[in-house]
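Participant: how would this look folded up:
(one chain, ligands or ions: 2)
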Amino acid sequence: DPGALPAYAKNLNGPQKDAVLTTEGPVLMLAGAGTGKTAALTARLAHLIATRRAWPSEILCVTFTNKAAREMRERVGRHIGDAVEGMPWLGTFHSIGAKMLRRHAELVGLASNYTIIDTDDQLRLLKQLIRENDLDEKRWPARQLASLLDRWKNRGLNPGDLDAVENEAYANGRGQQFYTLYQERLKTLNACDFGDLLLHMLNILRRHRDVLEQYQQRFKYILVDEYQDTNQVQYLWLRLLAQERRNICVVGDDDQSIYSWRGAEVANILKFEKDFPGAAVIKLEQNYRSTPQILAAASGLIDANSQRLGKTLWTDLPAGDRVKAIGVWDGPEEARRLGEDIERLEREGASLDQVAILVRAQYQTREVEDRFIQIGLNYRIIGGFRFYERAEIRDALAYLRVIEQPADDLAFERIYNQPKRGLGAKTLDAMRRHAKRTDMPLAAASIDLCDSDELPARARNSLKALLQQFLLWRENAQSETPANLLRRIVTESGYEEMLQKDRGPESAGRLENLSELARAMEDYDSLTDFLEHVSLVMENDARDQGEKVTIMTMHAAKGLEFDHVFLPGWEEGVFPSQRALDEGGLASLEEERRLAYVAITRAKRRCTILHAANRRIYGQWTSSIPSRFIEELPSEHVEQETTLTGGASLWRANWSEQDDPFAHVSTARPDKSATRGPGWQRALATGYDSKPVRVAENKRSAASFAAKPRSDVAIGARVFHDKFGYGTVADQDGNKLEIAFEKAGTKRVLDSFVKLAE
Ligand code: ATP
Ligand code: MG
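Facilitator: Numbering: from 1, shown residues only. Ligands and ions are numbered 1, 2, ... in the order given. All right, here's what the predicted structure looks like:
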């Protein structure tokens, strides 16, 4: 009797309940966006635990992001309480792979405290290999090798598995050789890359029956979200683990397969029934997320794809606004418009947490960020310019890695002369040579080196001091919390002093970042755990307070939902991307269209698309054509905004005409029939007279605008800001001020936005 279901399943519809209650045997849930796939999967997880079909530690549950795992954990926790604490196998493929590999690392020749290197380290390592093997790096760039390695690992291929074609793909038939060299080098460093987390585990499961059986026994149930974006190695890995018990439930949507560029194979979801004969196939058709307008717009768009299963979606949510497509003059105006619209939503009572800006490419965020900083609008960036990728953070992490793992040469190379200790490239060469000769890690070999006369006395002493410091820090690591250890390192290494002396515009911020890193470490008892967390972390905002607009790529937004979604940059060459257009194939264009479908279907209440008529690319202004995807949206569900925002809105945002030469421009956008192809460009040229002149003016005045800090405002001054009220200047960085506002808290604003208070 489904009426008697516990709370976690009560609100589910019929097919969702089937997905929850069909606990035994393979289950495939294939359904469109917003139909409650993830909701049903979460309820299934709660159900399995609540009904004691399995202990939390006996369920393997794979989500696409760490954030999704966190949310699932919270939701299940709400229903079944503390039991969820013990859900060790809920996470992304990478985090689960890392956890398993820690237990079995020795089977692939690693120690259990192995390091996970990131792409930066990987590139440096590859460059070194290329140099050592007398290959011309210009002809055979490290990046190319890195992407091949990624491809091979995603496909589950070991060096010995490469066929002639793959082998040919690098350095005239030396693909296999370099793959082998690279893996060997990683082993000496006691390190692995992201691809290895799964490939090593796959190898272990294939070669060690006992390990495989142990996991096959352990995982009574396997659950996988976003199955359409699994790649070959993930697929093989799951298939092995599920083979025995066959209690595997996968959910996905072929229309949302957007990671084929990273090796994902939509075929995996299409052949599930063949892999697991007798699978129950569950379809969901009711969308609970979006208004009928948003849903119809997205469905109409994805209809243009030829390669799809096709499905019906409906909703009984009340009607809302049509999807809006707004044409603006250029990038800065797009950013201004975003700021205005979002501030209006805020005034109308919307929470900033429910507003997202989704971009096609990372670089698109900068303009928006600049604008939001100017107007003091809080935002968070998810993915992308991650906190942990900033130079000072990477340096600090390198220190920690050397302490944790003395064989971590890449980390040691990063900081042996950072801050400067008078150890240059010559010292590094000597260290490397000695390490190679003695087959030891760099740091260990350097100890030797200090006792020889291969290095000049000054370098020797300096190196010795550093190595001794590491010994002490390693001792400290035994008795201190990771956070305190870091604070000690920052001071004792001279790093802090270096930043304090360096009066550059960024050094204060860099010190702040380091304190923030220590704050982040407070949550960890062990350095190993913290470093693993960093390797896996995908976002930097988990600790941030207050409501914020989310800015992220469309790719990263998969599975998420927001009341209000803004989609800037819908122009040919931006979205669809130039790359997809250059490749010209149907497949890449259809993947872009699926991405557009994912983007639109993130919106619950409002979806706003923007496109600019002009973009500055590499310093050159070029006019652009609206994205074909805008034209493909069913017109009855789309409202085209035909007037560019003009002086009024600029005035509202506190820009004076002098600051912005476009302030007086208010021109009707050409009608829709002229918005495609060269016709649009022509219309543009006639619609806006003397464009080049204005562009030139804009450049000049933008430059002078940015370069002139105010001389009458100083730290400690009391000022007034139209939006935030009274405050005191806490810091001044060029024309940017950090102000502690009495009501609004601390914000960064441009100095031209404040008045000196009497
Ligand atoms: P996507 O394809 O984007 O990952 P999805 O199919 O996983 O979407 P969910 O995120 O699970 O969809 O659900 C979309 C929204 O619908 C969520 O806000 C969820 O809480 C809500 N929802 C799901 N099922 C129901 C239901 N039976 N009744 C009411 N609301 C529901
Ligand atoms: Mg989902």
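
Participant: which strands and helices sit next to the host helix or strand of Y597?
Facilitator: Taking DSSP states H and E as the definition, one finds Y597 inside helix 586-600. Applying 3 or more CB pairs under 8 Å, 6 or more residues apart in numbering; DSSP states H and E, we find helix 586-600 packed against helix 292-302, strand 562-567, helix 578-583, helix 628-632. Quick note: C-beta positions are derived from backbone N, CA and C, even for glycine.

Participant: Checking the second one against ligand 1, do any of its residues make contact.
Facilitator: The reference is to strand 562-567. No - taking CB under 6 Å from any ligand atom as the criterion, strand 562-567 and ligand 1 are apart, separated by no less than 10.6 Å.

Participant: coming back round to it: could you dump the helices and strands packed on helix 586-600 into JSON lines with mean pLDDT added?
Facilitator: Listed next are the helices and strands packed on helix 586-600 as JSON lines, based on pLDDT from 0 to 100:
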{"stretch": "helix 292-302", "mean pLDDT": "96"}
{"stretch": "strand 562-567", "mean pLDDT": "98"}
{"stretch": "helix 578-583", "mean pLDDT": "86"}
{"stretch": "helix 628-632", "mean pLDDT": "96"}
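
Participant: picking that back up, so the helix holding Y597, near ligand 1 or not?
Facilitator: No - using CB under 6 Å from any ligand atom, helix 586-600 stays clear of ligand 1, coming no nearer than 7.4 Å.

Participant: I'd like to check what contacts that helix. Which residues are they?
Facilitator: 33, 255-258, 260-261, 294, 297-298, 301-302, 304-307, 323, 358, 360, 554-555, 557-558, 565, 567, 575-577, 579-581, 607, 629, 632 (CB atoms under 8 Å, 6 or more residues apart in numbering).

Participant: before we move on, the earlier item: mean neighbour count for the helices and strands packed on helix 586-600 - can I get that in TSV?
Facilitator: Below are these laid out as TSV (neighbours: other CB atoms under 10 Å):
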stretch	mean neighbour count
helix 292-302	23
strand 562-567	24
helix 578-583	14
helix 628-632	20
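
Participant: Any idea which of those gets closest to T38?
Facilitator: The closest of the helices and strands packed on helix 586-600 to T38 is strand 562-567. By CB to CB, the value is 15.0 Å.

Participant: tell me the angle the closest one makes with helix 292-302.
Facilitator: 40 degrees (axes from the mean of the first three to the mean of the last three CA atoms, to 10 degrees).

Participant: which residues are in contact with strand 562-567?
Facilitator: For strand 562-567, contacts defined as CB under 8 Å, 6+ apart pick out 338, 341-342, 345, 350-351, 354-358, 550, 554, 599-600, 602-610.

Participant: ok, now stretch 459-467?
Facilitator: Y416, R421, G422, L423, K426, T427, A443, S446, I447, L449, C450, L455.

Participant: Identify the residue nearest the fourth one in space, chain neighbours excluded?
Facilitator: When you say that, I think you mean L423. Spatial nearest neighbour of L423, excluding adjacent residues (CB to CB, 6 or more residues apart in numbering): N417 at 4.3 Å.

Participant: How much space separates the one you found from R207?
Facilitator: 42 Å (CB to CB, to the nearest Å).

Participant: Who has more neighbours out of these two?
Facilitator: Taking neighbours as other CB atoms under 10 Å, N417 and R207 compare with N417 leading, 18 against 11.

Participant: Name the SS class of the more buried one, please.
Facilitator: Secondary structure state of N417, per DSSP: H, G, I helix; E, B strand; the rest coil, is coil.

Participant: What of the one 10 residues further on?
Facilitator: Of the three states, T427 takes helix according to three-state DSSP.

Participant: The helix or strand encompassing L212: which residues count as buried?
Facilitator: Secondary structure assignment for L212, by DSSP H and E: helix 209-218. Buried positions in helix 209-218, judged by neighbour count with 16 or more other CB atoms under 10 Å: V211, L212, Y215, Q216, R218.

Participant: what's the burial count for the residue lying closest to S577 once chain neighbours are set aside?
Facilitator: Excluding the flanking residues, the one nearest S577 by CB to CB, 6+ apart is R360, at 6.1 Å. Around R360 there are 24 other residues, counting by other CB under 10 Å.

Participant: how much space between the residue in the chain positioned nearest to ligand 2 and F219?
Facilitator: For the chain, the residue closest to ligand 2 is T38, as judged by CB to the ion, at 3.2 Å. Distance from T38 to F219, counting by CB to CB: 20 Å.

Participant: What of A730?
Facilitator: Distance from A730 to F219, by CB to CB: 53 Å.
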